[in-house]
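A.B. asks: what follows is a predicted structure for the sequence shown.
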Amino acid sequence: MCYNNTVGITLAFRYTSEASCAFASVQHLVREVAAGWEFRMLHATTASFVFLCILIHMSRGMYNSSYSYLTTAWMSGLVLYLLTIATAFLGYVLPWGQMSFWGATVITNLLSPIPYLVPWLLGGYYVSDVTLKRFFVLHFILPFVGCILIVLHIFYLHLNGSSNPAGIDSALKVAFYPHMLMTDAKCLSYLIGLIFLQTAFGLIELSHPDNSIPVNRFVTPLHIVPEWYFLAYYAVLKVIPSKTGGLLVFMLSHCIKYSGIQRIFEKPTFVYKLYEYHDIHFGSRLLNVSLYGIHGSDSCWPGTCLVTG
């Protein structure tokens with residue numbers, strides 16, 4: 001994340017946060033500035049890999065039931081995750097392409113059930129030049145707040161120690177240096193290699209081609225699709241016809257993570273009954289999220305019937 005902040009600061013020197021010039025400034029950076037395309041692709045690709053690492057890290061914490069005894073670390077991590085979601089969404093709007101503009105329009109309209117929030121956030125009643133300037137400032141500031149939360153997250157983690165698959169709390173600890181440090185350095189080198197491969201060769205298509213088209217307020221894209229790390233949330237909003245209902249479900253899905261509901265299953269009366277089904281339960285969660293992500297990327301044509309049961 002700190003690496004992506006550095007690349008983002010470099011890109012900010014060439015970006016113009018005006019609706020009439022934003023798209024042109026990005027195209028100028030990619031086509032005319034030396035290595036500009038590489039910096040832009042690095043910034044976008046690293047954001048995807050940051051979300052991939054966060055989701056893997058959260059999945060490990062859920063598998064090890066870290067939320068049951070590392071409460072402060074879990075809560076700070078969830079706040080950091082929500083902050084990362086907000087930062088990524090704000091950055092997705094900045095290129096000011098078709099998908100950026102209409103994605104911002106759709107997402108901000110979901111917040112309309114909350115009084116006065118949308119005009120305050122957009123600086124008006126629709127996405128405009130003022131909105132772009134506000135999103136750019138917030139996208140620049142929030143990553144530094146995230147760095148502070150990372151320090152707090154690590155601090156809370158070291159208060160009690162990290163979790164483990166066996167669920168054993170022992171005073172026998174493994175020294176961070178050299179074994180853990182070298183293991184993390186090796187994984188980081190592999191990750192950086194994958195990022196550069198994706199940046200140079202585009203092994204996986206991570207961006208929508210419609211975002212290479214300048215904004216046209218009078219032409220709505222045929223299918224508005226967010227980034228891959230938002231697809232599961234987007235699927236929830238698609239299957240719920242009510243805008244207010246979709247917003248409530250989205251908020252409740254995160255409130256459950258913050259509340260103590262999950263701790264019910266950690267009581268002794270439940271542990272022995274659910275231990276043998278733990279892997280099945282965790283696997284069903286991953287399958288559920290994966291299916292939501294696949295559905296979020298699908299297009300609902302006229303006449304399509306979604307059956308739930």
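C.D. replies: Yes, it's here.
A.B. asks: got the buried residues for stretch 95-112?
C.D. replies: Applying a neighbour-count criterion of 16 or more other Cβ atoms under 10 Å, one finds 95-105, 107-108 buried in stretch 95-112. C-beta: built from backbone N, CA, C; applies to glycine.
A.B. asks: so how many other residues sit close to the closest residue to A12 other than its chain neighbours?
C.D. replies: Counting by Cβ to Cβ, 6 or more residues apart in numbering, A12 lies nearest to F140, which is 6.5 Å off, once chain neighbours are set aside. When neighbours are defined as other Cβ atoms under 10 Å, F140 has 19 of them.
A.B. asks: and what of L70?
C.D. replies: Using other Cβ under 10 Å, L70 is surrounded by 21 other residues.
A.B. asks: next one: the one 5 residues further on
C.D. replies: Burial measure for M75: 15 neighbouring residues, criterion other Cβ under 10 Å.
A.B. asks: same question, Y292
C.D. replies: Applying other Cβ under 10 Å, we find 17 residues neighbouring Y292.
A.B. asks: got the contact list for the helix or strand it falls within?
C.D. replies: In this assignment (DSSP states H and E), Y292 forms part of helix 278-297. With Cβ atoms under 8 Å, 6 or more residues apart in numbering as the contact definition, helix 278-297 has outside contacts at 59, 62-63, 225-226, 228, 230-236, 238-239, 274.
A.B. asks: would you point out the most distant pair within those residues?
C.D. replies: Farthest-apart pair in the contacts of helix 278-297 is V225 and L274; separation 36.9 Å (Cβ to Cβ).
A.B. asks: quick one: which of these two has more around it?
C.D. replies: Per other Cβ under 10 Å, whichever of V225 and L274 has more neighbours is V225, with 17 against 13.
A.B. asks: wait, what's in contact with that one?
C.D. replies: Counted by Cβ under 8 Å, 6+ apart, V225 has contacts 99, 208, 231, 234, 296-297.
A.B. asks: wait, a helix at it?
C.D. replies: No: under DSSP: H, G, I helix; E, B strand; the rest coil, V225 sits outside any helix and is assigned coil.
A.B. asks: residues contacting I114?
C.D. replies: For I114, counting by Cβ under 8 Å, 6+ apart, there are no contacting residues.
A.B. asks: checking my notes, it in a strand, right?
C.D. replies: No: with three-state DSSP as the criterion, I114 is assigned coil and is not in a strand.
A.B. asks: distance of it from L138?
C.D. replies: Counting by Cβ to Cβ, to the nearest Å, the gap from I114 to L138 is 18 Å.
A.B. asks: one more: S207?
C.D. replies: In terms of Cβ to Cβ, S207 sits 21 Å off from L138.
A.B. asks: sitting in helices, which of the buried residues of stretch 95-112 do you find?
C.D. replies: Under the assignment DSSP state H, the buried residues of stretch 95-112 contribute 98-105, 107-108 to helices.
A.B. asks: can you list the buried residues in stretch 38-48?
C.D. replies: Buried positions in stretch 38-48, judged by neighbour count with 16+ other Cβ under 10 Å: 39-48.
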